[in-house]
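In: predicted structure and sequence below. I'll ask about it afterward.
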Amino acid sequence: MTTQEFLGKQNFTINNQTVSESCPSNIALIKYWGKYADQIPANPSISFTLNHCKTNTSIEFFANEAFSVQTFLAGNEETKFAEKIEKYFKNIEQYLPWILKGKYIIRTENTFPHSSGIASSASGFGAIAKCLMKLDETFSGKSSEEESLRKASFLARLGSGSACRSLYNGLVVWGESDEVQGSSDLFAVKYPDNEIHEIFKNFNDWVLLIHEGQKSVSSTVGHGLMNTNPYAERRFQEARENFVPMKGILKNGNLEEFIKLVEHEALTLHAMMMMSDPAFILMKTGTLEVINKIWDFRKETGLPLFFTLDAGANVHLLFPNNGTEDKIKAFIETELLQHTQKNGVVKDVMRF
Ligand code: PMV
């Protein structure tokens, strides 16, 4: 599909509306880090969609008033966020031609701590894109559920790249890959459930809040640093290549290989930031202590506890519910929680 196919219908009738939607966050296994113009990813990525970490958003649209956006985050007015959304709406006008023809009040709240490093931009833009599609269908006519979801994913991508993966449950792929039929740089697609071993359908993601402050590098700056990173091209190629083993692992359920691949992806993302100019170290002492303890624990017990990281210090602890989870949970509580600020942990599971 091409961008042209997402252009909006010129025939629409607008009126006052209030819509609300909810969208979960996601955590990438093969990471997206580096992009081209118009939010085209430099490599394909695959993620798990979370279950409890969500953004709930309502949009009040006042038709035929001067275009303006007011936003409230957990009840508090956020003017910076409103500016970002205004810019975003102007940017997507060709796909939703009615979008600048009214005034907006947007209320949004996350079910997880704002500073947790859980991708609130993914769930946030996912929820906004779903609300916009609801308005679009009211003003321009209904489309099929499949089309509507695809366009919501397309619109979410233009807000925050990884957000486009949050529109689907299960495992989700964004970015063209020879290994995944129908995959696209423009929107995300659901990885086929019948290609996924049962072990991956009942998985935990516990996020250890190692550091709750502001992230030291925003994703915009981080993606930008890949433009001048001398290792970037090799990294993009490696991510593309990683889809080959990933596809086999997802099918045959080889946890050992899965762990190796997922941890490698997380460490590569961080290594790329260390090799950027300027360089950033996104881990904190606690991140390293937790990683070392996880590796020791795996060596001693052979139990499948492993980690992934986003572009920050917090650690996503991944482990399946396959009868080993009680021992793993006990280990996390006694050994790993001490490395968080204020015993902070967000306990989530994959959404299938
Ligand atoms: O969607 P963005 O621009 O915030 O980028 C997020 C990138 C990572 O979360 C670090 C990796 C990923 O694929 O989600």
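Out: Looks like it arrived, so ask away. Numbering: from 1, shown residues only.

In: quick check: residues of this structure near the ligand?
Out: Taking Cβ under 6 Å from any ligand atom as the criterion, the chain approaches the ligand at residues 28, 31-33, 45, 119, 121, 160-162, 219, 223, 310-311. Bear in mind the C-beta positions are built from the backbone N, C-alpha and C, glycine included.

In: what's the neighbour count on the closest residue to the ligand within the stretch 51-200 of the chain?
Out: When Cβ to the nearest ligand atom is the measure, the stretch 51-200 of the chain has its nearest residue to the ligand at Ser162, with 3.2 Å between them. Applying other Cβ atoms under 10 Å, we find 29 other residues in the vicinity of Ser162.

In: that one is in contact with Ser121, isn't it?
Out: Yes: the pair Ser162 / Ser121 is scored as a contact, 7.4 Å apart, by Cβ atoms under 8 Å.

In: burial count for Glu195?
Out: A count of neighbours around Glu195, defined by other Cβ under 10 Å, yields 12.

In: now it: closest residue in space that isn't a chain neighbour?
Out: Taking Cβ to Cβ, 6 or more residues apart in numbering as the measure, Glu195 lies nearest to Lys251, with 5.7 Å between them; neighbours along the chain are not counted.

In: quick one on the thing from earlier: what pLDDT does the residue of the stretch 51-200 of the chain closest to the ligand get?
Out: For Ser162, the pLDDT comes out at 97.

In: still on that earlier bit, so which strand or helix has the residue nearest to Glu195?
Out: Assigning secondary structure by DSSP states H and E places Lys251 in helix 232-252.

In: which helices and strands does the helix or strand just after that helix pack with?
Out: Next along the chain after helix 232-252, taking DSSP H and E as the criterion, comes helix 255-274. Helices and strands in packing contact with helix 255-274 are listed as strand 17-30, helix 219-225, helix 232-252, strand 306-309; criterion 3 or more Cβ pairs under 8 Å, 6 or more residues apart in numbering; DSSP states H and E.

In: mean pLDDT lowest for which of the ones you listed?
Out: The minimum mean pLDDT among the helices and strands packed on helix 255-274 belongs to helix 219-225 (a mean of 94).

In: who's in contact with stretch 274-293?
Out: Judged by Cβ atoms under 8 Å, 6 or more residues apart in numbering, the contacts made with stretch 274-293 from elsewhere in the structure are 208, 210-211, 215-217, 222, 225-226, 228-231, 270, 273, 307, 309, 311-315, 335-336, 339-340.

In: what's the answer for stretch 255-267, then?
Out: Contacts with stretch 255-267, where a contact means Cβ under 8 Å, 6+ apart, come from 28-31, 199-200, 239, 242, 245-246, 249-250, 298, 304, 306-309, 318, 320.

In: ok, now with 6 Å
Out: Applying Cβ atoms under 6 Å, 6 or more residues apart in numbering, the contact partners of stretch 255-267 are Leu29, Ile30, Lys31, Ile249, Pro304, Phe306, Thr308, Leu309.
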